[in-house]
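Colleague: Prediction below, plus the sequence it came from.
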Amino acid sequence: MKITQAFTFEAAHRLPKVPETHRCHRMHGHSYRVELTLEGDVDPETGFVVDFFDVEAAFGPILVRLDHYCLNEVEGLENPTAENIAMWIWDRVKPTLANVALIKVFETPNCWAEYKG
């Protein structure tokens, strides 16, 4: 069974490793959407793979570190591409949510990165 919980945050960033002529080299912002997909057996007692409240509790401190910040200033996100953000989230959420199977980071509704660890 797979379950997914989505979160949103607002943040600014610039991509320092693209050419200066690239529009993403300049500071700009996104309304990010993050989806955490967890996989496992359904507990016959609770009926859950993982309680959504537990997912929210595990991701909450990570979300606070991202929301309304310049991502370039967050330790480990000096080059905050969607791909790097997904890996950064994985590294921080996996210790508390062992069932995490996929992280999706949407920069826009039409552009996202997926990371499976």
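Modeller: The structure has been received and is ready for your questions. Numbers count the residues shown, from 1 in each chain.
Colleague: contacting residues for Thr8?
Modeller: Counting by Cβ atoms under 8 Å, 6 or more residues apart in numbering, Thr8 makes contact with 31-34. C-beta here means a position set from N, CA and C on the backbone, and glycine is covered the same way.
Colleague: make it 6 Å
Modeller: For Thr8, the contact set (Cβ atoms under 6 Å, 6 or more residues apart in numbering) comprises Arg33.
Colleague: same check, this time on the one 4 residues further on
Modeller: For Ala12, the contacting residues are 27, 29, 70, taking Cβ under 6 Å, 6+ apart as the criterion.
Colleague: Now the first one, what are its backbone angles?
Modeller: For Met27, the backbone dihedrals are phi -60, psi 130 (criterion: degrees, to the nearest 10).
Colleague: That one: neighbour count?
Modeller: Using other Cβ atoms under 10 Å, Met27 has 10 other residues around it.
Colleague: What distance do you get for it to Met87?
Modeller: Applying Cβ to Cβ, to the nearest Å, the value for Met27 to Met87 is 22 Å.
Colleague: Over to the last one?
Modeller: Here the distance between Cys70 and Met87 works out to 19 Å (Cβ to Cβ).
Colleague: Between those two, point out the one with more neighbours.
Modeller: Each of Cys70 and Met87 has its neighbours counted (other Cβ under 10 Å); Met87 has more, 18 against 14.
Colleague: follow-up on the earlier one: okay, the contacts of Ala12 in TSV with distance to Asp54 and pLDDT next?
Modeller: Shown next, in TSV, are the contacts of Ala12 (distance: Cβ to Cβ, whole Å; pLDDT from 0 to 100):
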residue	distance to Asp54	pLDDT
Met27	36	97
Gly29	30	97
Cys70	30	98
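Colleague: Could you look up the SS state of Gly76?
Modeller: Under the three-state scheme (DSSP: H, G, I helix; E, B strand; the rest coil), Gly76 adopts coil.
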